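Undergrad: predicted model follows, preceded by the sequence.
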Amino acid sequence: MNVEALQSSWRLVERVGDEAVQYFYAHLFLAHPEVRDMFPIRMTGQREKFFAALGRIVSNVESLAADPEFVAQLGRDHRRFGAVGAHYPAAGASLLATLAHFLGPRWTDELAQTWTGAYYAVADIMINAADQASDTPAWWDAEIVATERRSVDVTVHTVRPHQPYHYAAGQSLAVEIPQRPRLWRYFSPANAPRPDGTFDLHVQVVDGGEVSTTFARQVRPGDQIRLGSPLGNAFQVPSDAVDNLLLIAGGSGLAPLRALVDRFAQESNHGAVVPRVQLLHGVRTSWNLYDHESLTALTDHPWFSYIPVVSEDPGFHGVQGTVGAVAARGRDLTGTTALVCGSPAMVNATVTALTTAGMPRHAIRFETFGLPAPAAGPRSTDKVAQWM
């Protein structure tokens, strides 16, 4: 495979932007109108996901054979949209037609063969992963059983799956709400698994978000939602693997780290030895500290400490600044493992601050969901829900 030709041609098409993705979907829906119902009515966000996912695959094509997990997860995820093996040739034909249209004379027979081989190699990984997951549900039905407004823009929903749903503290899952059909978004349970199977989702309003505002403000107890399979392993830390954990959360990125604290509290209550854990929760204003009371109560555990950090509230009587800078400042990071979760900008800034302070890069963990971080900086905890 001519990787250089693949990547350079993709960069040319990527510059075209939204026009290229519109062409792809127009071609796909005209040639195969039966697949239109698999996609949301409004395609704006979907087009962005297509480019994001395909760009990641092309950028990391050389490593896919050794570590195909990102592509495999895409294949498993596509089951909940109703995708089957027969859909992949249709999407491949539309992709090749799009590349040919926008590359013009650069689209040679050799380049067409390279793209065809690359596409079907990726498709094979996705199809095989979906087949291997066929003994598990494509999605799980669940009910909202309680709702609590924690702040102006954060709501905590308690969810009860109708079937057994197994996840580990720190993982994430895709959610579809009835008010926004076919618009799946990822959230993280904010607690370790409970005996009754329920878990809490922290939903923060995001400016311009197609789902978050509705999920936070319109979803009510009794509403039925759908859950995708759990994923993510960056925050899977055995209790005996590290002595010191530094958890750094921005906004509702607190959720998966909060689940880890809950897990350690359960283990500690049963007599297990757990790491020393320090949690920093960074927000813009003090009223965004939506879990302050419960986190403060947890400091009764001798192994746990909690520092709220506020960046844009001069009247706050506590630690002020960006949470990444605060975490890296005046702290002995020797022998410490850091787990970071938040927005893309927050994750980038925090990793930069920690490495500048002398923390080894391998000691800093954040979710990348199967692909290595690009050279320019770490990817955030954003997750691609659908690309085909």
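TA: Here it is on my side, so go on.
Undergrad: rest of the way, CA atoms for contacts and neighbours
TA: OK.
Undergrad: low-confidence regions, this protein specifically.
TA: For the chain, the stretches flagged by pLDDT under 70 are 41-48, 50-51, 65, 369-388.
Undergrad: tell me where it has helices.
TA: With helices called from DSSP state H, the chain shows them at 3-16, 18-31, 44-59, 69-77, 87-103, 109-132, 212-217, 254-269, 292-298, 323-328, 344-356.
Undergrad: could you break this protein into its assigned domains?
TA: 3-132, 140-227, 244-365 (automatic domain parsing).
Undergrad: possible to save those domains as CSV with mean neighbour count and distance to Phe235?
TA: CSV is the format used below for these (neighbours: other Cα atoms under 10 Å; distance: least, Cα to Cα, whole Å):
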stretch, mean neighbour count, distance to Phe235
domain 3-132, 17, 16
domain 140-227, 18, 5
domain 244-365, 19, 7
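Undergrad: would you mind giving these as CSV with distance to Gln236 added?
TA: Formatted as CSV, the domains of the chain follow (distance: least, Cα to Cα, whole Å):
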stretch, distance to Gln236
domain 3-132, 16
domain 140-227, 7
domain 244-365, 9
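Undergrad: tell me which of those domains sits nearest to Asn233.
TA: domain 140-227 (6.8 Å; Cα to Cα).
Undergrad: how much space is there between Thr116 and Ala91?
TA: According to Cα to Cα, to the nearest Å, Thr116 and Ala91 sit 12 Å apart.
Undergrad: please apply the same query to Thr147.
TA: Distance of Thr147 to Ala91, computed by Cα to Cα: 40 Å.
Undergrad: likewise for Ala338?
TA: With distances taken as Cα to Cα, Ala338 is found 40 Å from Ala91.
Undergrad: and for the chain, the residue most distant from the center?
TA: Largest separation from the mean C-alpha position in the chain: Pro105, at 38.0 Å (Cα atoms, centre = their mean).
Undergrad: tell me the bridge partners for the closest residue to Thr147 other than its chain neighbours.
TA: In space, and not counting its chain neighbours, Thr147 is closest to His157: 4.6 Å by Cα to Cα, 6 or more residues apart in numbering. Judged by DSSP bridges, the bridge partners of His157 are Thr147, Leu201.
Undergrad: dump the residue contacts of Gly92.
TA: When contacts are counted by Cα atoms under 8 Å, 6 or more residues apart in numbering, Gly92 touches Thr116, Tyr119, Tyr120.
Undergrad: now flag whichever of those residues is closest to Asn244.
TA: For the contacts of Gly92, the nearest to Asn244 is Tyr119 (43.4 Å; Cα to Cα).
Undergrad: so Thr355 sits against Arg361, correct?
TA: Yes. Counting by Cα atoms under 8 Å, Thr355 touches Arg361, with 6.2 Å between them.
Undergrad: how far away from the center of its chain is stretch 107-121?
TA: Centroid displacement of stretch 107-121 relative to its chain, using Cα atoms, centre = their mean, to the nearest Å, is 30 Å.
Undergrad: repeat for stretch 123-139
TA: 19 Å.
Undergrad: contacts for it, please.
TA: With Cα under 8 Å, 6+ apart, stretch 123-139 has contacts from 68, 71-80, 84-85, 88, 226-229.
Undergrad: residues in contact with Val152?
TA: Contacts for Val152 (Cα under 8 Å, 6+ apart) come out as Asn288.
Undergrad: hmm, 7 Å instead?
TA: Contacts of Val152 were listed using Cα atoms under 7 Å, 6 or more residues apart in numbering, and none were found.
Undergrad: quick one: the residue lying closest to Gly55 once chain neighbours are set aside from Phe70, how far?
TA: Excluding the flanking residues, the one nearest Gly55 by Cα to Cα, 6+ apart is Trp10, at 7.8 Å. According to Cα to Cα, Trp10 stands 19 Å off from Phe70.
Undergrad: same question for Val16.
TA: Val16 is 25 Å from Phe70, by Cα to Cα.
Undergrad: likewise for His292?
TA: In terms of Cα to Cα, His292 sits 35 Å off from Phe70.
Undergrad: what's the answer for Leu298, then?
TA: To Phe70, Leu298 is 35 Å away according to Cα to Cα.
Undergrad: quick one: Ser94 and Phe29 touch, right?
TA: No. Applying Cα atoms under 7 Å, one finds Ser94 not in contact with Phe29, separated by 9.3 Å.
Undergrad: hey, what's the residue nearest to Phe304 when sequence neighbours are not counted bridged with?
TA: Excluding its sequence neighbours, the residue lying closest to Phe304 (Cα to Cα, 6+ apart) is Val277, at 4.9 Å. Beta bridges link Val277 to Leu245, Phe304 when assigned by DSSP bridges.
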